[in-house]
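Peer 1: got a predicted structure plus its sequence, pasted below:
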Amino acid sequence: MEEYKPINNEKKFCKINQIWNKCHLLFVSSNSGTGKTTYFKWLLIRKALKGKLKFDVFFRFENEIELKFNNDAFLKPPLNASKRLLKIANKVEIICEKDNYFLINKQTKEKLAQALAINIQKKYKSTENSIYTDCAIYDEVMPDDNNYCSNEVYKFSRLIDTRARHRNYKVICLYNKTQPFFPYKESFE
């Protein structure tokens, strides 16, 4: 019986990150289990801890924030996590403050990231931005169950506009290509 060896796509993701540095909106598709979510999420957390950026984490529906953006789910290191990643994971935690969810630096209490829901994009105002973020990550932009929120692409675009407000702002969208219908491709291609 052959020993299982996890696939290491780090070089591919580094190249994708270099591409993302040159554009404002990037969609990344691959098979499930390739490590794209893990790579980009922890890259952003590491950069935020170093003071290089602050970021948003987009979710489709408001109820997903509480379910997915918490210490047990979002900050759970992968099984084969390096010592470096485990060290990073121990430096951050997620808090809820007045119905807003933030990733913070445990030691300094500085807000590093905020979770936002696309379906309630109207709720967010550019003048009420509690942390001025530089970028966003949107995992599962193509849902496995094909369940998009109403007018999702429009709301996604408006949310970006609200968060960016005359600033350089980048978004990376990650997905597993599971459905033939993808409204983002029709809108942005």
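Peer 2: Yep, that arrived.
Peer 1: please count neighbours and contacts with C-alpha atoms only from this point.
Peer 2: OK.
Peer 1: who does the spatially most central residue of the chain bridge with?
Peer 2: What sits nearest the mean C-alpha location of the chain, by CA atoms, centre = their mean, is Ile137, with 2.6 Å. Per DSSP bridges, the residues bridged to Ile137 are Val57, Ile172.
Peer 1: would you check that it makes contact with Lys54?
Peer 2: No: using CA atoms under 8 Å, Ile137 is not in contact with Lys54; the gap is 11.2 Å.
Peer 1: burial measure for Val171, as a count.
Peer 2: Neighbours of Val171 under the rule other CA atoms under 10 Å: 21.
Peer 1: how near is it to Lys98?
Peer 2: Applying CA to CA, to the nearest Å, the value for Val171 to Lys98 is 25 Å.
Peer 1: same question, Lys22
Peer 2: 35 Å.
Peer 1: between these two, who's got more neighbours?
Peer 2: Lys22 (10 against 6).
Peer 1: phi and psi next, for that one.
Peer 2: Dihedral pair for Lys22: phi -100, psi -10, per degrees, to the nearest 10.
Peer 1: do Leu116 as well
Peer 2: Note on Leu116: its backbone torsions stand at phi -130, psi 150 [degrees, to the nearest 10].
Peer 1: so who does the nearest residue to it once chain neighbours are set aside touch?
Peer 2: Distances taken as CA to CA, 6 or more residues apart in numbering place Phe58 nearest to Leu116, at 5.0 Å, with adjacent residues excluded. Counting by CA atoms under 8 Å, 6 or more residues apart in numbering, Phe58 makes contact with 115-118, 136-139.
Peer 1: then Pro77?
Peer 2: Taking CA under 8 Å, 6+ apart, we find Pro77 in contact with 85-86, 89.
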